[in-house]
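Q: only geometry, no sequence info:
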């Protein structure tokens, strides 16, 4: 597999693990010294911080969907950068809340003895929309078996 395909698979695995709450796989996509910048108020400087935050904040009561497209990846030796177009949705049934939006991810990757890993990640929002599910009386949610509880 070439470097571009390996980095694409890494990013997809990161998102799949996030959405299915597979925190071990999620952690494996990151270097120990990863930094994360998700908007202006969320930042992390280690894998443990980032994974712990996601595990706590995006637990089984929060349904997420993350899709990335249009990768722009540049590889220079054992380091690479990537930009991705993100579309996401967050549903919190207990609070009758849904958020959806779009952003551009900016990532840095490092080749390790275990393959490519994300060493910096974050995004800048292009928009974010929020709504009360109480405004949609017919809204119903069934969660599939892929979500780890």
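A: Okay, I see it. For clarity, every value in this text was computed on a predicted model and none was experimentally measured.

Q: Tell me where the model's unsure across this structure.
A: 148-149 (pLDDT under 70).

Q: Go ahead and name everything in contact with the longest helix seen in it.
A: Counting residues, the longest helix found in the chain (DSSP state H) is helix 3-20. Here helix 3-20 makes contact (Cβ atoms under 8 Å, 6 or more residues apart in numbering) with 1, 22-23, 25-26, 29-30, 54, 58, 64-68, 71, 73, 75, 80, 82, 84, 105, 107, 109, 111, 115-118, 121, 146-148. C-beta: built from backbone N, CA, C; applies to glycine.

Q: Mind giving me the ChimeraX command for buried ones among those residues?
A: In ChimeraX syntax, the buried subset of those is picked out as below (16 or more other Cβ atoms under 10 Å):
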select :22,23,26,29,30,54,58,64,66,68,71,73,75,80,82,84,105,107,109,111,116,117,118,121
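
Q: before we move on, back to that, name the residues of the longest helix of the chain that are buried.
A: If you call a residue buried by 16+ other Cβ under 10 Å, then helix 3-20 has these buried ones: 3, 7-8, 10-11, 13-15, 17-20.

Q: Over to stretch 98-115?
A: For stretch 98-115, burial by neighbour count (16+ other Cβ under 10 Å) applies to 98, 101, 103-109, 111.
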